[in-house]
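Peer 1: Got a predicted structure here, sequence first:
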Amino acid sequence: MEALKKNYLARQSELIIFSDGPKEGEDPHAVDEVRHCISTIRGFRCIGGKTQSRNVGLARSVIMGMTAIFKAYDRAIVLEDDLITAPDFLFFINMCLDAYKHDSRIFSVSGYTPNIDFSGYDKDIYLAPRTCSWGWGTWRDRWNKVDWEVKDFDSFIRSKQLRREFNCGGEDSSVMLLRQMRGKIDSWAVRFYYSCFKNGGLCVYPTRSRVKNNGADGSGTHFTRMTSKYDIPYELQKSPFSLPVSIHTDKDILKRFAAFYRPSIQRRGINQFKLLLNRLKLL
């Protein structure tokens, strides 16, 4: 919140906070502490939100919250609590939401970018097929296209061609969706990403990250072990940028982007085994 308040559009922004309830059998005091912190927040045009008395889980909380927001607004910017933003994060996302609102290819805008090599690339943004949940924005009409039940999952997972195409955003993609549909993870993001894929969509990324994930130090829900893989190589600060009216995918950048999300050889072997087991169950 301290980083977000330093954004020079903070005082013009409406802040809406969703606070999930404590999990069953867990101490509720940590949730109470979070809600006390929420009550002290200042520095925005107005502040609202919703608290849950019981834990509804990550995916359901985000889906319910965003769906409620899009009943009143045509666009939204989303942050989770372990993200640190640059002072121009809100400005960058808002500018992209304005610039590409009518470009039906663009499904969402990310404030984070992975640490890939941009040598030989002269634009301030690039396009990738994979959406990102680390400080992002989208529009109501894109959100409303998402099939949260993934009704065509069985036909998708049987198709080697479709899996290959989905994995253009990273070879972990199909297995993440499989794990979600088998109840192994609780993710809204992989389903949002899949709907982007199904609709032929792309995500806008900055070449200079406006977001740092502070939850990859072992303290985060999904990063129980410390990793430096997602670190960005510079301090977050204001960065001048321009948004081209027309932007297209770059073959070299797409290769580097996919390589960043390529699992280890051991993990790829495990993933292939999981897909084979699932296929045998579907036969």
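Peer 2: Structure's in. What do you need?

Peer 1: For Leu79, give its distance to Cys132.
Peer 2: Plainly put, Leu79 is 12 Å away from Cys132 if you go by C-beta to C-beta, to the nearest Å. Backbone N, C-alpha and C define where each C-beta goes, glycine included.

Peer 1: That should have said Leu202, apologies.
Peer 2: 12 Å.

Peer 1: How about Leu83?
Peer 2: In terms of C-beta to C-beta, Leu83 sits 11 Å off from Cys132.

Peer 1: Now do the shared contacts for the two.
Peer 2: Tyr112 (C-beta atoms under 8 Å, 6 or more residues apart in numbering).

Peer 1: what about Asp250, neighbour count?
Peer 2: 17 (other C-beta atoms under 10 Å).

Peer 1: Phi and psi next, for it.
Peer 2: phi -110, psi 120 (degrees, to the nearest 10).

Peer 1: and the gap between it and Asp147?
Peer 2: Distance from Asp250 to Asp147, by C-beta to C-beta: 29 Å.

Peer 1: what's near enough to touch the closest residue to Tyr261 other than its chain neighbours?
Peer 2: Excluding the flanking residues, the one nearest Tyr261 by C-beta to C-beta, 6 or more residues apart in numbering is Gly170, at 2.8 Å. Gly170 is in contact with 130, 257-258, 260-262, counting by C-beta under 8 Å, 6+ apart.

Peer 1: I'd like to know which elements the host helix or strand of Gln180 is packed against.
Peer 2: Here Gln180, judged by DSSP states H and E, is contained in helix 173-181. For helix 173-181, the packing partners by 3 or more C-beta pairs under 8 Å, 6 or more residues apart in numbering; DSSP states H and E come out as helix 153-158, helix 160-166, helix 189-198, helix 265-282.

Peer 1: just to revisit the earlier point, now, of the contacts of Gly170, which are buried?
Peer 2: For those, a neighbour count by 16 or more other C-beta atoms under 10 Å gives the buried set as 130, 257-258, 260-261.

Peer 1: out of those residues, which are inside helices?
Peer 2: 257-258, 260 (DSSP state H).

Peer 1: what angle separates the helix holding Gln180 from helix 189-198?
Peer 2: 130 degrees (axes from the mean of the first three to the mean of the last three C-alpha atoms, to 10 degrees).

Peer 1: Dump helix 173-181 to PDB, restricted to CA.
Peer 2: Extracted in PDB, the C-alpha atoms of helix 173-181 (Å, rounded to 0.1, in the frame of the first residue of the first chain):
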ATOM      1  CA  SER A 173       0.500 -24.000 -19.300                       C
ATOM      2  CA  SER A 174      -1.400 -27.200 -20.100                       C
ATOM      3  CA  VAL A 175      -0.400 -28.900 -16.900                       C
ATOM      4  CA  MET A 176      -1.400 -25.900 -14.900                       C
ATOM      5  CA  LEU A 177      -4.900 -26.100 -16.400                       C
ATOM      6  CA  LEU A 178      -5.000 -29.800 -15.900                       C
ATOM      7  CA  ARG A 179      -4.100 -29.400 -12.200                       C
ATOM      8  CA  GLN A 180      -6.800 -26.700 -11.800                       C
ATOM      9  CA  MET A 181      -9.500 -28.900 -13.400                       C
END
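
Peer 1: Which residues does that helix contact?
Peer 2: 130, 150, 153, 156-157, 163, 166-167, 185-187, 190-191, 193-194, 261, 271, 274-275, 278.
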